[in-house]
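# 3D model of this:
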Amino acid sequence: MNSSNNIILNRFFTRNTFADLLTENFNRTYVEVINRYINDIETKSNRILISEIYKIMTYNYRNEYFYKNTLLNKLLLAKHSLKTTTALTEMPIGKSKADFILINGKAVVYEIKTELDSFERLENQLSDYYKAFDHVCVVTCEDNFDKLDDLLNNSPVGIYILTKRNTLSLRKEPSKDDSRLDSKIMFKLLRKAEFENIIKIHYGEIPVVSQVNHYNQCYKLFKNIHLEKSYYYMLNELKKRTNIEIEEYKNIPYELKFLAYFAKFKKGEYQQLNLFLNNEFGG
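Here you go, the predicted model:
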């Protein structure tokens with residue numbers, strides 16, 4: 001596949017594409033990809049067409065969405081539970097963005113390095129992640145394993161390989177490292193209601209100060225909590241962020257699990273999506 005094909009496939013499994021399809025019943029990228037890659041489209045449902053595009057990516061172009069969707073399906077849905085585990089994505093931490101985070105009893109950050117990525121920024125990314133979380137893994141392809149294993153040989157970072165059979169293989173177990181946790185970086189991850197809830201739980205009340213000083217005062221109080229305790233509080237708040245309609249979500253096709261999880265659909269939107277998937281292609 002050439003680079004122009006790659007670019008358009010990166011735009012296929014996105015929130016914007018599917019938001020257009022659900023509200024306008026049309027998206028230019030969706031139509032272009034289907035017409036370019038699939039034969040005999042007129043009699044096929046959107047569900048089948050999406051599955052065929054995903055299959056093409058499986059063999060030819062495992063991009064970041066493919067990795068993220070695999071992590072969500074193989075780890076969150078197959079190993080854990082929607083009721084006990086929360087997934088987060090694209091979370092800004094320092095100067096980096098965490099690709100995927102799973103939180104249950106503990107939290108693990110997953111940094112994705114696809115076949116198309118370099119390891120150029122990896123050291124800085126890992127350094128940022130350890131300022132906010134105590135378990136970190138890198139997920140990459142088989143061809144990158146030896147190089148990555150050398151890089152991470154004496155580190156607590158774990159390694160997952162997305163195999164050629166599209167299974168996840170844990171090659172190096174991540175070990176806990178809380179020595180670099182930074183209360184300021186942790187606090188910046190929290191929304192106003194979240195850090196206020198922590199302050200109220202720990203101190204019994206929220207400080208009564210002007211709006212101008214509110215953030216700084218709350219941070220001072222957060223910083224004074226023992227780091228192990230503030231980390232526990234932070235995870236509890238982050239874990240509350242996702243509220244999935246579990247029964248409706250179960251019916252989402254494998255290929256769209258990641259997209260639907262982070263779209264935060266209401267019941268009516270699940271019905272809209274199901275209707276779209278069952279309709280024949282209209283492009």
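# residue ranges of the helices in the protein, please?
For the chain, the helices defined by DSSP state H cover 3-10, 15-23, 28-37, 46-60, 64-71, 122-129, 145-151, 183-189, 192-203, 211-224, 227-239, 246-249, 257-263, 267-278.
# among these, which is the most enclosed?
helix 64-71 (a mean of 22; mean count of other C-beta atoms under 10 Å). Quick note: C-beta positions are derived from backbone N, CA and C, even for glycine.
# what sits against residue 224?
Residue 224 makes contact with no residue under the criterion C-beta atoms under 8 Å, 6 or more residues apart in numbering.
# how close does it get to residue 188?
Distance, residue 224 to residue 188, using C-beta to C-beta, to the nearest Å: 17 Å.
# Ok, residue 135 next?
19 Å.
# How about residue 77?
Residue 77 is 30 Å from residue 188, by C-beta to C-beta.
# and what of residue 102?
Separation of residue 102 from residue 188 (C-beta to C-beta) stands at 20 Å.
# on that earlier part again, dump the helices of the chain to CSV, plus distance to residue 92 and mean pLDDT.
Shown next, in CSV, are those (distance: least, C-beta to C-beta, whole Å; pLDDT from 0 to 100):
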stretch, distance to residue 92, mean pLDDT
helix 3-10, 21, 75
helix 15-23, 17, 96
helix 28-37, 26, 96
helix 46-60, 27, 97
helix 64-71, 16, 98
helix 122-129, 9, 99
helix 145-151, 24, 97
helix 183-189, 8, 99
helix 192-203, 15, 99
helix 211-224, 17, 98
helix 227-239, 13, 99
helix 246-249, 26, 96
helix 257-263, 15, 98
helix 267-278, 26, 96
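# what's the closest of those to residue 114?
Among the helices of the chain, the nearest to residue 114 by C-beta to C-beta is helix 64-71 (5.8 Å).
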